[in-house]
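Chemist: Give me coordinates for this.
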Amino acid sequence: MADEVSRAQSAQPGGDTIFGKIIRKEIPANIIYEDDQCIAFHDVAPQAPTHFLVVPRKPITQISKADDADKELLGHLMIVAKKCAEEVGLPRGYRLVLNEGPDGAPSFGLCGYS
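Modeler: Next up is the predicted model:
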């Protein structure tokens, strides 16, 4: 975790991220779902037996920077996470995580659910 916090604290806000490259299909990903608002894919370094990310196409660098105009998108991400959990076979439950701020270790500098 300390490593993640270090990367998060040194991340460039608004800089190009691996997730931007996945969204633009510049690098491959095991995609579960995508639409015009978001993309969901399996994590390449899973921290759980099933670990996927739901990332908005609109960059929201931190949830604290979201505003009222983002509420439909944020709700959509939650619904997509539920659909993806069903798709990958998690009938008994799952956990949604959203990291916030440098101490929350969002090393990728983008709001997303995992």
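
Chemist: What average pLDDT does the helix or strand where Ile32 lies get?
Modeler: Here Ile32, judged by DSSP states H and E, is contained in strand 31-34. Here strand 31-34 scores 97 as its mean pLDDT.

Chemist: what distance separates that strand from the centre of its chain?
Modeler: Taking C-alpha atoms, centre = their mean, to the nearest Å, one finds strand 31-34 lying 12 Å from the centre of the chain it belongs to.

Chemist: Out of all residues in the protein, which is the farthest from the middle?
Modeler: Distance from the C-alpha centroid of the chain, by C-alpha atoms, centre = their mean, peaks at Arg92 (21.9 Å).

Chemist: can you pull out the helices in this protein?
Modeler: 2-10, 18-23, 71-87 (DSSP state H).

Chemist: Would you single out the least confident of those helices?
Modeler: Among those, helix 2-10 carries the lowest mean pLDDT (a mean of 47).

Chemist: circling back: counting contacts, what elements does the strand holding Ile32 pack onto?
Modeler: Counting contacts by 3 or more C-beta pairs under 8 Å, 6 or more residues apart in numbering; DSSP states H and E, strand 31-34 packs against strand 38-42, helix 71-87. Where C-beta positions appear, they are placed from N, C-alpha and C, glycine not excepted.

Chemist: rerun that using 10 Å as the cut-off
Modeler: Secondary-structure packing of strand 31-34 (3 or more C-beta pairs under 10 Å, 6 or more residues apart in numbering; DSSP states H and E): helix 18-23, strand 38-42, strand 52-56, helix 71-87.

Chemist: What residues of it count as buried?
Modeler: For strand 31-34, burial by neighbour count (16 or more other C-beta atoms under 10 Å) applies to Ile32, Glu34.

Chemist: same thing with stretch 83-94?
Modeler: The neighbour-count check on stretch 83-94 (16+ other C-beta under 10 Å) flags Cys84, Ala85 as buried.
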